[in-house]
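In: Would you be able to build a 3D model of this:
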Amino acid sequence: MSQRRYRSVRPTAPAWVRTAVIMLGIFFVFLAFVALFRRQDSTNPETFIRTSDDIVAELTEDGVATQKVAPTRETSRGIPESAPLLDVSGGSGSAIAKRVFENGFFTHTILARSLPLIETSSFHYQAWLIRPYPFDFFETSRLVYNADGSWGMIWTGETGKTYDEFIEVLITLEPNNDFDENPSANQILKGAF
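Out: Numbering: from 1, shown residues only. As a prediction, the model looks like this:
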């Protein structure tokens, strides 16, 4: 009696298809773990995103602008977050500059005290950020006089730009009719992050 051998008629998948299915399975398991851990992080009550308003409130409450030395906190990237600005004009003014890069936005704030009163119809205090090497600078914002006698400004940079190399801060006294894009020689406060 002869034995017949039967071959399976069911086709087998090529090796690359089996490999692709296994890789997709591993990828989806990885995504599930990432989603699980992200959900746990989002429920963390310690997560707090500071805004420029929070920074100004912190400066005002602590009275940091009246001190000659600023707190030396650093951002998560190891970059100093605050800098004291000292008077270079021979006056008694001082300020604290802050910078924060969060949620894709760079926010730069300054709160100054004891600056001389100026005729705002003719002059304004202008803030500048300076990159020492390669040398570059740009103006951020005019300082605004506050009811408590301080001067302040809040400036937000372009989306996604960190401005890490712009570590020096300068405040100058500028005439209102000066359309020159360079800082005037009348420097008032200066400091560096």
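
In: Beyond the lowest-mean-pLDDT helix or strand in the chain, next helix or strand please.
Out: Least confident helix or strand of the chain, by mean pLDDT, DSSP states H and E, is helix 52-62 with a mean of 56. Per DSSP states H and E, the first helix or strand lying C-terminal to helix 52-62 is strand 82-87.

In: tell me the secondary structure for Ala20?
Out: helix (DSSP: H, G, I helix; E, B strand; the rest coil).

In: try Leu24
Out: Applying three-state DSSP: Leu24 is helix.

In: Now do the same contact list for it.
Out: If you count contacts by Cβ atoms under 8 Å, 6 or more residues apart in numbering, Leu24 has none. All C-beta spots, glycine's among them, are computed from the backbone N, C-alpha and C.

In: What score does it have for pLDDT?
Out: The score at Leu24 is 86. That number is its pLDDT.

In: The chain - how does it break down into domains?
Out: 9-47, 52-192 (automatic domain parsing).

In: Looking at these, which one is packed in the most?
Out: domain 52-192 (a mean of 16; mean count of other Cβ atoms under 10 Å).

In: how distant is that one from the center of its chain?
Out: Relative to its parent chain, domain 52-192 has a centroid offset of 14 Å by Cα atoms, centre = their mean, to the nearest Å.
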